[in-house]
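# the amino acid sequence is not available; the structure is as follows:
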């Protein structure tokens, strides 16, 4: 009986350890998902973009963020191409957005003002949108028609 009781305690400890390990791994995965950067090349310039590929990440976007790295940004990845629209509700940063079609071509650009509910929409169906600090595209001579390399499938 004593041996059996020790086995139960051992099982509980192993189960508890597995549970803790799963919680830690889940947290690490979410942190890595948030911290992961994708290098996107447009002409001679590279942006290191956070990726928002799930509905919840796309919905939250850069809300509440007070700064971005100089070459940073956020890439929004959509399952289906459509004329997606963006606003700046609860976003204190002035941003520029590039709408990008399924072939990686920038269809149009827009500057977006902080905390504005004005909609900024793609001119045509797009699969991606890349937000960077306002003026980031014009400073590098990036315009509609430019090719974006490094996009996820």
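Alright, I've got the coordinates. Since the structure is predicted, the reported quantities are computational estimates derived from the model, not experimental observations. Residues are numbered from 1 along each chain as shown.
# so residue 52 bridges to which residues?
residue 76 (DSSP bridges).
# ok, it touching residue 77?
Yes: using Cβ atoms under 8 Å, residue 52 is in contact with residue 77, at 6.9 Å. C-beta: built from backbone N, CA, C; applies to glycine.
# for the two, indicate the residue with more neighbours.
Shown here are residue 52 and residue 77; by other Cβ atoms under 10 Å, residue 52 has more neighbours (22 against 18).
# now the one helix or strand residue 48 maps to, how far from the centre of its chain.
Residue 48 belongs to strand 45-52 when assigned by DSSP states H and E. Put simply, strand 45-52 sits 8 Å off its chain's centre (Cα atoms, centre = their mean, to the nearest Å).
# who touches that strand?
33-40, 57-58, 60-61, 69, 71-77, 130, 132, 136, 140, 142, 152 (Cβ atoms under 8 Å, 6 or more residues apart in numbering).
# recalculate using a threshold of 6 Å.
37, 38, 39, 40, 58, 71, 72, 73, 74, 75, 76, 140 (Cβ atoms under 6 Å, 6 or more residues apart in numbering).
# how many other residues sit next to the second one?
Think residue 38. By other Cβ under 10 Å, the residues close to residue 38 number 17.
# just the local confidence number for it, please.
On the pLDDT scale, residue 38 is placed at 98.
# how much space between it and residue 114?
Computed as Cβ to Cβ, to the nearest Å, the residue 38 to residue 114 distance reads 25 Å.
# do the same with the fifth one
Noted for residue 58: a distance of 19 Å to residue 114, by Cβ to Cβ.
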